[in-house]
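Student: generate coordinates for the sequence data below:
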Amino acid sequence: MSERENRALNEEELQELVAASDSGGRTVPGAIGTFIAAVALIWSVFQVLLASPVAPYILPGDLINNSRQIHLAFAIFLSAMAYPLYKSAPKNRVPWYDWVLAIGGAVLAMYGYIFYEKIVGNGGLADASDALFALAGLTFLFIAAYRTLGPVMVALAIIFLLYVFFGSSEAVPDQIRWAGASLRKAMSHMWVTSEGVFGIALGVSTKFVFLFVLFGALLDKAGAGNYFIKMAFGALGSLRGGPAKAAVVGSAATGLISGSSIANVVTTGTFTIPLMKRVGFTAEKAGSVEVASSVNGQIMPPVMGAAAFLMVEYVGISYFEVITHAFVPAIISYIALVYIVHLEAVKNNMPTLGDKTVSLGRTVGGMFLFFAGFALLCYATQFPVRAIVSLVPEGSGWVLAVLLGAVYVALVKLAASVEELEADDPNAEIVELPDISKIWKAGLYYLMPIIVLVYFLMIERKSPGLSAFWATFLLFFILITQKTLKAFFRGEANAISQLRDGFIDLVNGMIDGARNMIGIGLATATAGIIVGTVSLTGIGQVMADFVEFLSGGNLMLMLFFVAVLSLILGMGLPTTANYIVVSSLMVSVVVELGAQSGLVVPLIAVHLFVFYFGIMADVTPPVGLASFAAAAVSGGDAIRTGFTAFFYSLRTVALPFVFIFNTDLLLIDVTWYQGVIVFIIATVGILVFTAATMGFYITKSKIWETVALLLVAFALFRPGFFMDQIQHPYHLTPPAEFETALTEAPAGSQLRVVISGPDFDTLEIKDLTVVLDVAEGDLQTRLDALGLMLMPEGDKMILEEPMFGTALSDKLASFDFYGDEPVEITLVQAPSDQLPKELIFIPALLLLGLVTVLQSRRAAARKGVPA
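Tutor: Modelled structure (predicted):
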């Protein structure tokens, strides 16, 4: 590439880059610009009211029931206002055709709301005119999605829509051909019912995602983003490779409130990347660290790029359970990234910034104490709250509000005692790193909305929407009052006049939140077409057959191909959209083929597996949107940045394979103390894996040491693999003795059975492994709980179709119970008394100790220190 192509973009160009991808690259002055801002503000106000506890008393019932249509109408309208249709389209005015597309798209999005009674009268089915309006609506949606998200999402949706219409053609291979659908049936499914565009994904965007995106925008507008970055640099900037370590921690903090890896790269990267280059990182490596840490922000609870809320709906578990399962992999992934940066700095003997002498141990210990204290504070909040509720049951809400206000005022007074935090210049000749002892007071009150959010989500177990509403409501108050209160405590004369600035910040934050939601709203709506196609045509089974054909039935190959397909499907899509796409297509593949191979995996593990690989598309070339954004900041080569970022992200690539086979990592069915052990061992395991892939531990590793470290990491992550070789976890029981095995199994234990029979569609014999939970009671009670109906025939155990509504009814729905070949139990496995798998940790840690001793001696010898 030429020097011109590799130059770093300036601040204005970077902001244009973020705007073009996240909030729209068009800025319109004058009355039209004010009108567009007003529409965005109205959208935010509507969404806040919709999430509020008073929504049923303020908003009409039909408006609440059709909120998805309203949500999409705003998104389509604002997309035409904020995003130019093509590169050379005007960016300072709205051309006439965009007004047509904006108004027409908004009206068509609200078609179901406007003609609600007619559609209900038709039984929810589209007539000829409905179908034509629906087709026009899809066209307007595609145009809006194209201008906002680019061609990839639209191309995918059109391909799936073409399959709906022409999938019955003889030109389509037999393996993927289906019966086909008429225009009326397809449009009913895609536009009129809640199966397609207005399905679960858009519903989640409407109910939950908007509030969290707005929360992040308001928190950033209040100044929290700058505070988090300064604290990270104050804590880590003086360490070797400090700017890179600070970039990781700062991106983790902003990733908590950001739904965009590109915005995260540019927001933190404009400060971190120049400083990384200053201490010795190449432009590509500096950009790669920022990419890896920013993309990882998408796997961090509580938002996870909005995927957490979709998982609640798709998996059918609570939000609390989703973020509990996602927590450990996300945390250890960030710990590993800090370690990668540390090893890079040590290998290359990088200098430190500033003149402060700091201890890595004390710094890490201090950060651990901070996060542990924050978690403890969130947990401990419940006790005074419960005490007040019990003492003043009627007016407890008002008492708590007054106490919260008093704490806020006290923290603002503390913040007023130090100077305002100004953004630093990373290119200054002399870099003065923030002094934590001086700046920590400046933003403690920013933690209050986060504590409120965590409290309602984790302690009160309220819905994500209501939790985000109360946290956002507190942010409204903070934005309006913080400047006035600080001016008052500092004795400034113009304290009251600062209220106006506070209102302006609030309005601008709400406008920013709405503009940031345009892409997500359109992405969830467009992805609904793919989800609708899967439910209408059964294409998911075709994907399963395709992956099974490619892998030849090999379990690891199957997971590898699913990972690659998830990467491909995720290319060029925002986090939310790529999760919807890959989960709707790939989850059933892993579940079905895994069960056929004897691997029974919890559904949440499979969803996290495809989600991790979907977001990796933001890193990997040739698309790698986050890598291109980082290269724009660093001036490095985008392709090399992408490949280096992928190498740095190997631990994120490895983790999904780990938790598919070892669900302890997702804290599934573990006690709290087991969870602590899992976290400690997993942290050691990921650090060892990182050292192995970097080829550097205490000193440069020899080949056998790298192999040994990989073996140690594997043993720490999957101790069950080695223990299973020593003692099989199950003993086999003849199928004819299944009833005896079920009778003798302790209540609460599990039996694994392999069921064989003809496939309902192909009539070919297939195997499926299922896990049976043993209930309390006698044999018949246990059979009834499972829904099993048995017919023993000699040494065979024939199954009749399970009772409708039971868990097995869904799992065995793909079998043909009424064909010539019976469905039967062919293998029964009852749990054996196996030694604890944790015993494998002992030889693994001994091997790690051996490598540590040998490398320590080599490192000491090189420094001339006696071993």
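Student: show me the shaky parts of the stretch 351-500 of the chain.
Tutor: Counting by pLDDT under 70, the stretch 351-500 of the chain has low-confidence residues at 353-364, 366-367, 424-431.
Student: in it, what residue spans correspond to strands?
Tutor: Using DSSP state E, counting those that start in this stretch, the stretch 351-500 of the chain contains no strands.
Student: tell me how many other residues crowd residue 96.
Tutor: 7 (other C-beta atoms under 10 Å). The C-beta positions use only the backbone N, C-alpha and C, and glycine is treated the same way.
Student: going forward, count from 31.
Tutor: Yes, from this point I'll number from 31; that puts the last item at residue 126.
Student: tell me the pLDDT of it.
Tutor: At residue 126, the model reports a pLDDT of 91.
Student: quick check: phi and psi at it.
Tutor: For residue 126, the backbone dihedrals are phi -60, psi -40 (criterion: degrees, to the nearest 10).
Student: for it, give its distance to residue 133.
Tutor: From residue 126 over to residue 133 the distance is 11 Å, taken as C-beta to C-beta, to the nearest Å.
Student: next, name the residue at the spatial heart of this protein.
Tutor: What sits nearest the mean C-alpha location of the chain, by C-alpha atoms, centre = their mean, is residue 334, with 2.9 Å.
Student: that one reaches residue 356, doesn't it?
Tutor: Yes: taking C-beta atoms under 8 Å as the definition, residue 334 is a contact partner of residue 356 at 6.3 Å.
Student: helices or strands next to the host helix or strand of residue 639 in the packing?
Tutor: Per DSSP states H and E, residue 639 falls inside helix 633-645. With contacts taken as 3 or more C-beta pairs under 8 Å, 6 or more residues apart in numbering; DSSP states H and E, helix 633-645 sits against helix 337-345, helix 349-377, helix 585-600, helix 605-626, helix 680-691.
Student: what's the spacing between residue 77 and residue 237?
Tutor: Relative to residue 237, residue 77 is positioned 9 Å away (C-beta to C-beta).
Student: pLDDT below threshold where in the stretch 181-330 of the chain?
Tutor: Along the stretch 181-330 of the chain, segments meeting pLDDT under 70 span 205, 284-291.
Student: switch the cut-off to 80
Tutor: Scanning the stretch 181-330 of the chain for pLDDT under 80 picks out 202-208, 210, 255, 265-273, 277, 279-302, 309, 326-328, 330.
Student: same check, this time on the stretch 781-897 of the chain
Tutor: 791-792, 834-837, 840, 861, 863, 892-897.
Student: can we see that at 70?
Tutor: Within the stretch 781-897 of the chain, the ranges that satisfy pLDDT under 70 run 894-897.
Student: now do the strands in it.
Tutor: With DSSP E, counting those that start in this stretch as the criterion, the stretch 781-897 of the chain has strands spanning 795-803, 820-823, 826-829, 853-861.
Student: so which of these is nearest residue 695?
Tutor: strand 795-803 (18.8 Å; C-beta to C-beta).
Student: and the closest one, which strands flank it?
Tutor: Take DSSP bridges as the rule and strand 795-803 pairs in its sheet with strand 780-788 (antiparallel).
Student: the inter-axis angle of the partner strand versus helix 605-626?
Tutor: Angle, strand 780-788 to helix 605-626, by axes from the mean of the first three to the mean of the last three C-alpha atoms, to 10 degrees: 80 degrees.
Student: check which residues of strand 780-788 are buried.
Tutor: Residues of strand 780-788 classed as buried by neighbour count (16 or more other C-beta atoms under 10 Å): 781-788.
Student: and that strand with strand 853-861, angle?
Tutor: Between the axes of strand 780-788 and strand 853-861, defined by the same axes, to 10 degrees, the angle is 160 degrees.
Student: rewinding a little: and the strands of the stretch 781-897 of the chain as JSON lines, adding mean neighbour count and distance to residue 107?
Tutor: As requested, these are arranged in JSON lines below (neighbours: other C-beta atoms under 10 Å; distance: least, C-beta to C-beta, whole Å):
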{"stretch": "strand 795-803", "mean neighbour count": "16", "distance to residue 107": "48"}
{"stretch": "strand 820-823", "mean neighbour count": "12", "distance to residue 107": "60"}
{"stretch": "strand 826-829", "mean neighbour count": "19", "distance to residue 107": "55"}
{"stretch": "strand 853-861", "mean neighbour count": "19", "distance to residue 107": "53"}
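Student: residue 210 is nearest to which of those?
Tutor: That would be strand 795-803 among these, by C-beta to C-beta, at 26.4 Å.
Student: export that closest one as PDB, just CAs?
Tutor: Presented in PDB, the C-alpha positions along strand 795-803 are these (Å, rounded to 0.1, in the frame of the first residue of the first chain):
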ATOM      1  CA  ILE A 795     -31.800 -44.800  10.300                       C
ATOM      2  CA  LYS A 796     -30.000 -42.400  12.600                       C
ATOM      3  CA  ASP A 797     -28.800 -42.300  16.200                       C
ATOM      4  CA  LEU A 798     -29.500 -39.700  18.800                       C
ATOM      5  CA  THR A 799     -28.000 -39.400  22.300                       C
ATOM      6  CA  VAL A 800     -30.300 -38.000  25.000                       C
ATOM      7  CA  VAL A 801     -29.900 -37.400  28.700                       C
ATOM      8  CA  LEU A 802     -32.700 -38.500  30.900                       C
ATOM      9  CA  ASP A 803     -33.100 -36.700  34.300                       C
END
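Student: about what we covered before: distance from the next helix or strand after the helix holding residue 639 to the middle of the chain?
Tutor: Sequence-wise, the next helix or strand downstream of helix 633-645 (DSSP H and E) is helix 655-664. Averaging C-alpha positions (C-alpha atoms, centre = their mean, to the nearest Å) puts helix 655-664 21 Å from its chain's average.
Student: now swap in stretch 124-139 and tell me
Tutor: Chain-centre distance of stretch 124-139: 32 Å, with C-alpha atoms, centre = their mean.
Student: list the buried residues for stretch 187-201?
Tutor: 187, 190-191, 193-194, 197.
Student: distance to residue 327 and secondary structure added to the residues you listed, as JSON lines?
Tutor: Putting those into JSON lines (distance: C-beta to C-beta, whole Å; DSSP: H, G, I helix; E, B strand; the rest coil) gives the following:
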{"residue": "187", "distance to residue 327": "27", "secondary structure": "helix"}
{"residue": "190", "distance to residue 327": "29", "secondary structure": "helix"}
{"residue": "191", "distance to residue 327": "33", "secondary structure": "helix"}
{"residue": "193", "distance to residue 327": "34", "secondary structure": "helix"}
{"residue": "194", "distance to residue 327": "36", "secondary structure": "helix"}
{"residue": "197", "distance to residue 327": "38", "secondary structure": "coil"}
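Student: could those go into TSV alongside distance to residue 692?
Tutor: Putting the buried residues of stretch 187-201 into TSV (distance: C-beta to C-beta, whole Å) gives the following:
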residue	distance to residue 692
187	36
190	35
191	40
193	37
194	39
197	39
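Student: close enough to count as contact, residue 498 and residue 238?
Tutor: Yes: using C-beta under 8 Å, residue 498 is in contact with residue 238, at 7.0 Å.
Student: who has more neighbours out of those two?
Tutor: Just comparing residue 498 and residue 238: by other C-beta under 10 Å the higher neighbour count belongs to residue 498, 31 against 25.
Student: which strands and helices sit next to the strand or helix carrying residue 244?
Tutor: Using DSSP H and E, the element containing residue 244 is helix 240-252. On a contact count with 3+ C-beta pairs under 8 Å, 6+ apart, helix 240-252 meets helix 60-81, helix 477-484, helix 494-519, helix 528-567.
Student: alright, I will stop here.
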